[in-house]
Structures are given as structure tokens and as C-alpha cells.
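**Q** fold the stuff below for me.
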Amino acid sequence: MPIMPTKDSFQVRVKNAVKGNYHPSMRRSLQSIALYEADRCLTHRYPQLRPFQMKFALFATAVDLLETLDFLDYYDRQEIMFRRKALKDPLTPDVAWRRMTMISREINETILPKAKELIENDDNSEKSHGEICALLLQSMYQENNENSQSKPHPPMWEFNNNNHAFTVFRIYFRGAAEDPNIFPATPPKVVEVPTKKPPNLQGPNNVKGGGDFPLSSVAQFDDSAVLTEEQRQHFVDEGYLHVKQVVPAKLVHAALGAINAALCKPGGNVEVDDDGTRYCPGVGGSDAILNLLKHSKVWTLAQRLLGKGNISDVQRGQIALRPPNPALIAAGGPENKDGSLSPTQWHIDGMGKNEHPPFSLLVGVTLSDALQPNCGNFGVFPNSHKKLLPLLKEKVESGSSWYSNENSTEKPAFHNGVQVLAEAGDAVLVHNLTAHRAVPNASHAIRYQVYFRLKHKDHARNIENGSLLDDLFVEFEGLSKD
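**A** Numbers count the residues shown, from 1 in each chain. Just a heads-up that it's a prediction; the model follows:
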């Protein structure tokens, strides 16, 4: 067998095995690799742990190991640790333990006997481990496909759901035994285990996502997603924050696909009611839309502002499309106008209903590039939140009407409006009292945007006790806790 490179590690071998790229068909194979390596890392620790602690430690260590693979993004790691991809239900420690024990059994009972037969063949005596794996994989393919004796196996067949232990064999074995020169098993960190058995260790088998297990693979808090001190101060001072490339392209494409598919259906894709025009009703609650928030860094960055665990459940997003304006196109397109905004043409949500904004933080995810002004950009008026709070308090306490709509000239004039120049995958995080607006679209393309309105779990209580009228940042606990 060939000598392994000097720099040998879990990360190097896994990356080589998948050729440096992740594909969804690899999900179970990478899950098996992470569980197998986690088991190696914990062998010395098992004697000191109770059975439920062993399961907890195995699961948590597998999650930590996936974090060390730089070719995976945040959503990839979540997907790998699903129990069932179709349902997106989280793998539980109990199921993870059972799957781990099945990996060695599968290798010992199915893969090794066939590998030994190939290795003992004189024609293969000089072949490398990689060449043996190729022969073995082809043999298994032909055995499972009687009509394909002369055909090579498909490129991704190694990662077929029934072969999830094969890549473990590729990485950890040389010949018919574990590689004696395998890299040392080192956990990324020592996992703290609970002292009492959690009531939900086994987890629900019929729940799509959710569950209260602390390491749920749905909408996890991503410790790597942080805000700099400069970003935090910008949010405090200006009332909004533009964060770049925080939503993976695959999530953007999935959302665009869902929206465009709905737009192409006959009828029913646009509704007009008291709240304005709504596009693609029903699509806002789909996984393709919710994943933009819950399976990207945006979910954590919002909690960096509102506080970890403080966001009420989000069940839908608003699909905000800005169609081209033919008159503006005829007048010369985006270049015909400067980027200034009318100082009184703005709104805050809830304004027309004479009530508090019904949420704490507005989050906008950009799905199509708006890299120059007048392309349907998000318009914002920096620092307006500080000026609007005392006005809102005065209106509420006097019982008088709040400004009726975006076009009302009675509103304060803000002369510092900014058009956010954003790429697909960017996001804006906006204080609920920051004045904003949509900019007309003088380009030839639809502007695609999705908005989520995040509510602090104590929002209703803060309205009732009046604290929202006294402190702009009463609900932004993350600014003081981080």
C-alpha cells in the first residue's frame, strides 16, 4: 500500500475522499464518517461515562468534527446531521449511537470479506488501497445491478444510501485491517456531558424539525457568526446593519426557484389587500424561504442583537418583489437618476395602523443583485430611529394618530436617505423604528427580496409595560451580553 502524506489528519483524509466538494448525496456517508471518528475520539473516555452520557458525547463530538471540515458550509453541516433528509428531523444521540454501532458491523460483515477476496487475488497483489477500493466498489455495483455487468458504476454511487459505510472503509482501512499508521484520534474539544439523563434523549420520531434537544440540527446557533464592535456600534448609531454574503448561494437559488415556480403558475400569485401587494401567497412559509433565515448565519446574527434564544418562532417570510418600472426605463434607466431619496417618503411598519411596530427587528435577505441605485434597492434613513422614538411616545401617550402612510407630508423630513447596494446573499438587519422604504426599479430585471419580522419573546409584555417607549434597545439584549 502507498505511504500516506506526512500531513495526515481527519480533515485531510475526508477532504481527499470526497475530492474537496460536498454533494447532498454524500450526506449519510459524511454522517457515518463523523460518528466513526467521534467514537475513536471517545474510546478512552467511555469507561468514565454512563450510557446516556456516552451517547450525548458521541453526538456532540460528531457535530464538532463536522465544524472542522472547511469545504462544508453551515447548511451542509445541518443537513448531514438530519436523521431523514426528506423530513429534516434532527438526528438524536440515541439514533446516532445505533448508527455508529452499525458502521463497524457493516464493514466487518459486508465490506471486509469482499475486500479480502480481492486482495488475495494474485492479480491485485501490487494494487494500492485506492485501486482496491475502485475494484470493490465496481464489484458491489455489479452485484446489486444484475443488468449492469459491463457498465461502470455511476460517479456518485459510492455515496448511495446503502453504501454509507464504504467511505469509512476507504478512509480508515488499508487492506483488510484498520490502517496501523492512522492519524491520532483527537476531539476538537472536550464535550461537557449532562449529569442527569435528558427526558428527550431519544427524541421524537414523528416531528419535522424542532424538538428541544440542545443540539438540534434545525436553526442552530452558529458560534462562528459574530458581529464586530464596529458593526454593533453602527447598528446602535444608524439603526441598521448591512452584512455581506451571509446566506449561502444554494439557499438563495432554492428560494428563487420556489418563487419563480409560483410566479409561473396560472393565477393566484399576486394578492392585494389592506397591507398592500402580496406576491406568491403561501410560498412565504415554505422551507425554501424559511431556510434563508434559519439555516444561514442570519439566524445567529439576529440573536447577536436580540440575545441568544430570545427570538419567537418565525413561521413565514414576506416575498417582496419590485418589478421594473417601464416609464423609468424609458427615461434612461437607473443612470438617469441620482441616488437621493425623498426626505418624507418613508415608513415604519405599523405606522398606518396607529400602533407599535408588531416586531423587534426587520431582516431583509437579498436574492438578486442591486449593485447600483434605483434598481428596487432597500432604502433606509440612518439615525431616524433615535428621532422617531420620542415622537412615537408623544403620539401614544396623547392618543393622537400616528402618521397615516408613506406619502404623508406631515412626517419629519430625513435628508440622509441611503440606497443599500447589495448582492444576492447579503442581508440587512433593521431596528423596528428605523425609517425605510422600497426604491423604484428603473432596471430591466425584477428585484427579489425576502423580509422576516423577528419578535423578541417579551415583545407583548414590553408594549404593555411601556418600556418600548422609554428605551430604544430594551429588546436588544445581545448588544449588552456579548
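**Q** residue 479 is in contact with residue 234, isn't it?
**A** No - using CB atoms under 8 Å, residue 479 is not in contact with residue 234; the gap is 11.6 Å. For the C-beta atoms, the positions are set from N, CA and C on the backbone; glycine is no exception.
**Q** neighbours around the residue nearest to residue 324 when sequence neighbours are not counted, how many?
**A** Closest residue in space to residue 324, ignoring its immediate chain neighbours: residue 441 at 5.3 Å, by CB to CB, 6 or more residues apart in numbering. Residue 441 is flanked by 22 other residues according to other CB atoms under 10 Å.
**Q** which residues does residue 441 bridge with?
**A** Assessed by DSSP bridges, residue 441 has beta-bridge partners residue 375.
**Q** who's in contact with it?
**A** 322-325, 328, 374-376, 447 (CB atoms under 8 Å, 6 or more residues apart in numbering).
**Q** between those residues, which is nearest residue 154?
**A** Using CB to CB, residue 447 comes nearest to residue 154 of the contacts of residue 441, at 40.0 Å.
**Q** mind listing what's buried along the helix or strand that contains residue 63?
**A** Element membership for residue 63, per DSSP states H and E: helix 51-67. Residues of helix 51-67 classed as buried: 52-67 (neighbour count, 16 or more other CB atoms under 10 Å).
**Q** centroid residue for the chain?
**A** Of all residues in the chain, the one closest to the mean position by CA atoms, centre = their mean is residue 295, 1.8 Å from it.
**Q** how far away is it from residue 335?
**A** Residue 295 sits 37 Å away from residue 335, going by CB to CB, to the nearest Å.
**Q** one step back: possible to save the contacts of residue 441 as a markdown table with neighbour count and distance to residue 100?
**A** Compiled in a markdown table, these are given as follows (neighbours: other CB atoms under 10 Å; distance: CB to CB, whole Å):
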| residue | neighbour count | distance to residue 100 |
| --- | --- | --- |
| 322 | 22 | 50 |
| 323 | 12 | 52 |
| 324 | 18 | 54 |
| 325 | 16 | 58 |
| 328 | 17 | 60 |
| 374 | 21 | 56 |
| 375 | 24 | 51 |
| 376 | 26 | 50 |
| 447 | 24 | 48 |
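**Q** need the max-distance pair from these.
**A** 323 and 374 (13.8 Å).
**Q** lowest average confidence, helix or strand, in this protein?
**A** Least confident helix or strand, the chain: strand 270-273 with a mean of 65, by mean pLDDT, DSSP states H and E.
**Q** which stretches in the stretch 301-450 of the chain count as helices?
**A** Here the stretch 301-450 of the chain has its helices, by DSSP state H, counting those that start in this stretch, at 326-330, 384-398.
**Q** pick the most deeply packed of these.
**A** Comparing the helices of the stretch 301-450 of the chain by mean neighbour count (mean count of other CB atoms under 10 Å), helix 384-398 ranks first with a mean of 16.
**Q** residue 298 is in contact with residue 304, isn't it?
**A** No - with contact defined as CB under 8 Å, residue 298 does not count as touching residue 304 (10.4 Å).
**Q** give me the more crowded residue out of those two.
**A** Legend: neighbour count by other CB under 10 Å for residue 298 and residue 304, higher for residue 298 (26 against 23).
**Q** and the more buried one, that's in a helix?
**A** Yes - counting by DSSP: H, G, I helix; E, B strand; the rest coil, residue 298 is found in a helix.
**Q** residues contacting it?
**A** With CB under 8 Å, 6+ apart, residue 298 has these contacts: 243, 246-247, 292, 363, 365, 427, 429.
**Q** could you dump those into a markdown table with pLDDT and distance to residue 393 added?
**A** Shown next, in a markdown table, are those (pLDDT from 0 to 100; distance: CB to CB, whole Å):
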| residue | pLDDT | distance to residue 393 |
| --- | --- | --- |
| 243 | 98 | 30 |
| 246 | 96 | 33 |
| 247 | 95 | 35 |
| 292 | 95 | 34 |
| 363 | 98 | 25 |
| 365 | 98 | 31 |
| 427 | 98 | 29 |
| 429 | 98 | 24 |
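**Q** so for residue 16, what's the pLDDT?
**A** Per-residue pLDDT puts residue 16 at 93.
**Q** and the strands in the stretch 151-300 of the chain?
**A** Using DSSP state E, counting those that start in this stretch, the strands found in the stretch 151-300 of the chain span residues 173-174, 177-178, 240-243, 270-273, 276-279.
**Q** hmm, back to that, pretty sure the residue nearest to the centre of the chain sits against residue 251.
**A** Yes - Residue 295 is in contact with residue 251 according to CB under 8 Å; the separation is 6.5 Å.
**Q** shared neighbours, the two?
**A** With CB under 8 Å, 6+ apart, residue 295 and residue 251 have common neighbours residue 75.
**Q** of the helices of the stretch 301-450 of the chain, which shows the lowest average pLDDT?
**A** Looking at those, the weakest mean confidence is helix 384-398, a mean of 86.
**Q** for the stretch 201-350 of the chain, which spans come out with low pLDDT?
**A** 201-219, 267-268, 271-277, 336 (pLDDT under 70).
**Q** chain center to stretch 229-246: distance?
**A** Relative to the centre of its chain, stretch 229-246 is centred 20 Å away, using CA atoms, centre = their mean, to the nearest Å.
**Q** and residue 250, how many neighbours does it have?
**A** Counted with other CB under 10 Å, residue 250 comes out at 15.
**Q** grab the nearest non-local neighbour of it.
**A** residue 75 (6.9 Å).
**Q** I'd assumed residue 251 was in contact with that neighbour.
**A** Yes - look at residue 75 against residue 251 with CB under 8 Å: they come within range, at 6.2 Å.
**Q** now for these two: what residues contact both?
**A** 291, 295-296.
**Q** and for residue 146, the neighbour number?
**A** 7.
**Q** check what pLDDT it gets.
**A** pLDDT recorded at residue 146 is 70.
**Q** got a list of what it touches?
**A** Counting by CB under 8 Å, 6+ apart, residue 146 has no contacts.
**Q** comparing residue 75 and residue 251, which residue is more hemmed in?
**A** Taking neighbours as other CB under 10 Å, residue 75 and residue 251 compare with residue 251 leading, 24 against 18.
**Q** and the gap between that one and residue 284?
**A** In terms of CB to CB, residue 251 sits 15 Å off from residue 284.
**Q** ok, residue 475 next?
**A** 24 Å.
**Q** which of the two has more residues huddled nearby?
**A** A side-by-side neighbour count of residue 475 and residue 284, using other CB under 10 Å, places residue 475 first with 26 against 21.
**Q** residues in contact with the more buried one?
**A** 306, 310, 360, 456, 458-459, 462, 468.
**Q** okay, it and residue 456: tell me how far apart.
**A** Taking CB to CB, one finds residue 475 at 4 Å from residue 456.
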